[in-house]
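Quick one: sequence and predicted model below, then my questions.
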Amino acid sequence: MTVTEKTARSDPAAGAVPRAWAGRGGVWLRSQYPLLILVALVVVAAMLSDAFLSTRNLENLVLQMSVIGIVALAQFIVVVSGGIDISVGSVLGLACVLSAGLFGGSSVFVSVLVALGVGALLGAVNGFLVAFRDLEPFIVTLGMLALARGLVYAYTEGVPVRPADPAFMVAGTATVLGVPVLGILWIAVAVGMAFLLRRTVFGRRVYAVGSTREAAHASGVPVRGTLLAVYVIAGLLVGLGGFLLASRVGAGTPTAGTLFELDAIAAVVIGGARLAGGQGRVFGAVVGTAIFGVITNLLVLLNVSTFLQDAFRGALILLAVALATIGRTGTRRGH
């Protein structure tokens, strides 16, 4: 018999400590499944393609993930509040083309204001209908999806809109010490969102509303005002994403933002957020975005058909839902 076994038999409390730590470790690992998936994907991608870890490809990967990452953060705050916004892609497309074309795109500053204004306005409309008219978020944002995409096609007439200011592409293509500015902005927005939701009264209200709206109202939380603010913030982020996408491409394209809502929802879900609301972490949304970015990038490097790429994304969404269910069940048992 070892010394450890003798100690465990003589003092049951001493043997319980390692078991307690093991239990906590298991719960922590189950809660970190998105990060584990990302690490595994990076290892597999590096093994399958020599070009994956090249400097040029990693820079392209960050550029590809950044805009959808910001949109995913917008979707995240809406989902945490107990709603869903399937109009983010179309609103981003409208902000994209208007920022590039309105006033001739002659000023970057004005273009940014236009994009933010468009996003905030449409977000406020969504928020007003959800919060003050008690309409279902899915129906409201479905209508906004059709409205915004229709306005995109009406404004562009199917032709890309090119801004006049030569400095328009700086934000979307510049780098700082080899790191794309888009990536820096994405992380900055994520840090700001994490602080807002975890360290402020407003953030606690958002989680409370998402958990149980009736209980939040009974506790004195201004439910309607909180929901309105959530959709306006989401709109601002989507508008910012629209400008950054136009800056990266150098034009506002009629198809900008198409199906971004699906990628954003999938990133939020695979990151561990609960679609019913009241649960989720910003870090999880960032990791979920990275997972989708790595998979898409790897499929491109392997010359996989675009149609099969859509199939892979769909399969990943189903896998994410399954893993999220397993993770939550395991966490409850751990407690």
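All right, it came through fine. Residues are numbered from 1 along each chain as shown.

For this protein, which segments count as strands?
Applying DSSP state E to the chain gives strands spanning 175-176, 179-180.

ok, now how distant is Val71 from Ala276?
Distance of Val71 to Ala276, computed by C-beta to C-beta, to the nearest Å: 21 Å. No exception for glycine: its C-beta is placed from N, CA and C like everyone else's.

what about those two, which has more around it?
Val71 (29 against 10; other C-beta atoms under 10 Å).

my guess is the more buried one meets Phe260, correct?
Yes - assessed by C-beta atoms under 8 Å, Val71 is found in contact with Phe260 at 5.3 Å.

which neighbours do the two share?
Val88, Gly89, Leu92 (C-beta atoms under 8 Å, 6 or more residues apart in numbering).

Show me these that map onto helices.
Cross-referencing these against helices under DSSP state H gives Val88, Gly89, Leu92.

for the first one, what are its contacts?
If I follow you right, that is Val88. Counting by C-beta under 8 Å, 6+ apart, Val88 has contacts Val71, Ala74, Gln75, Ala234, Val238, Gly257, Phe260, Glu261, Ala264.

Adding pLDDT and distance to Met65 as columns, could you present the residues you listed in JSON lines?
Putting these into JSON lines (pLDDT from 0 to 100; distance: C-beta to C-beta, whole Å) gives the following:
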{"residue": "Val71", "pLDDT": "97", "distance to Met65": "11"}
{"residue": "Ala74", "pLDDT": "97", "distance to Met65": "15"}
{"residue": "Gln75", "pLDDT": "97", "distance to Met65": "15"}
{"residue": "Ala234", "pLDDT": "97", "distance to Met65": "19"}
{"residue": "Val238", "pLDDT": "97", "distance to Met65": "16"}
{"residue": "Gly257", "pLDDT": "91", "distance to Met65": "15"}
{"residue": "Phe260", "pLDDT": "92", "distance to Met65": "12"}
{"residue": "Glu261", "pLDDT": "92", "distance to Met65": "16"}
{"residue": "Ala264", "pLDDT": "93", "distance to Met65": "12"}
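
among these, which ones are buried?
Neighbour-count burial (16 or more other C-beta atoms under 10 Å) applied to the contacts of Val88 gives Val71, Ala74, Gln75, Ala234, Val238, Gly257, Phe260, Glu261, Ala264.

Quick one, which of the strands of the chain gets closest to Ser81.
For these, the distance to Ser81 is smallest for strand 179-180, at 30.4 Å, taking C-beta to C-beta.

and that closest one, what does it pack onto?
In terms of contacts (3 or more C-beta pairs under 8 Å, 6 or more residues apart in numbering; DSSP states H and E), strand 179-180 is packed against helix 55-80.

If we go by neighbour counts, what in the helix it packs on is buried?
Per 16+ other C-beta under 10 Å, helix 55-80 contains these buried residues: 57-58, 61-80.

And for stretch 152-168?
Buried, per 16+ other C-beta under 10 Å, within stretch 152-168: Val152, Tyr155, Thr156, Pro160, Val161, Arg162, Pro163, Asp165, Phe168.

What backbone torsions are found at the residue lying closest to the fourth one once chain neighbours are set aside?
When you say that, I think you mean Pro160. Setting aside the residues directly before and after it, Pro160 is nearest to Ala251 in space (C-beta to C-beta, 6 or more residues apart in numbering), at 4.3 Å. Dihedral pair for Ala251: phi -170, psi 160, per degrees, to the nearest 10.

Tell me, how many residues neighbour Ala251?
22.

Check Leu319 too.
Counted with other C-beta under 10 Å, Leu319 comes out at 12.

In contact with the residue nearest the centre of the chain: list those residues for me.
Residue closest to the average C-alpha location in the chain (C-alpha atoms, centre = their mean): Ala72, at 1.7 Å. For Ala72, the contact set (C-beta under 8 Å, 6+ apart) comprises Asp263, Ala264, Ala267, Val268, Ala285, Val286, Gly288, Thr289.

one more time with 6 Å
The contact partners of Ala72, taken as C-beta atoms under 6 Å, 6 or more residues apart in numbering, are Ala264, Ala267, Val268, Ala285, Thr289.

my read: the first one touches Ala74, true?
No - with contact defined as C-beta atoms under 6 Å, Ala264 does not reach Ala74; the gap is 7.3 Å.

Report the residue spans of the stretch 1-150 of the chain with pLDDT below the cut-off.
For the stretch 1-150 of the chain, the stretches flagged by pLDDT under 70 are 1-31, 104-105.

Likewise for the stretch 201-335 of the chain?
Looking at the stretch 201-335 of the chain by pLDDT under 70, you get 320-321, 323-335.

What ranges does it have for its helices?
For the stretch 201-335 of the chain, the helices defined by DSSP state H, counting those that start in this stretch cover 201-211, 213-218, 223-249, 260-270, 282-301, 306-334.
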